[in-house]
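1. Show me how the following folds:
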Amino acid sequence: MHVRGKLVGVAHYGRVPLTPEDPVRVVRERDNAEDPNALKVEALMGGVWTQVGYVDRGTAAWVGERAVGAAQLVTQGCAYELPMLLEVA
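-> Prediction:
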């Protein structure tokens, strides 16, 4: 399964230039007061994971509905993969 979504909020984080080869990760942000389904996007920059934006709300909600069990695995130190194509909005 592949998910297609948009990377939003990039202006707030300085429009970090990314290439398809750059390592990125999507992190669930359950304590986000604006959106309990929020998925922040981080890029590995200089050896440090740095936030570069968010997955758009619609895609984050769709992923959140299907990743409830996976979110529990992440808290136990495990990870899951969900291939995602993000376009800069």
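2. what ranges do the helices span in the chain?
-> Using DSSP state H, the helices found in the chain span residues 57-66, 68-75.
3. Return the member of these having the minimum mean pLDDT.
-> When these are ranked by mean pLDDT, helix 68-75 comes last with a mean of 42.
4. ok, now which ones touch V55?
-> G5, K6, L7, V8, V26, L39, K40, V41, V63, M84, L86 (C-beta atoms under 8 Å, 6 or more residues apart in numbering). Bear in mind the C-beta positions are built from the backbone N, C-alpha and C, glycine included.
5. so where's this protein uncertain?
-> Confidence mapping of the chain against pLDDT under 70 gives the ranges 1-2, 66-89.
6. Could you check how far the most centrally placed residue in the chain is from R15?
-> The centroid of the chain falls nearest to V26 when counting by C-alpha atoms, centre = their mean (2.8 Å). Separation of V26 from R15 (C-beta to C-beta, to the nearest Å) stands at 19 Å.
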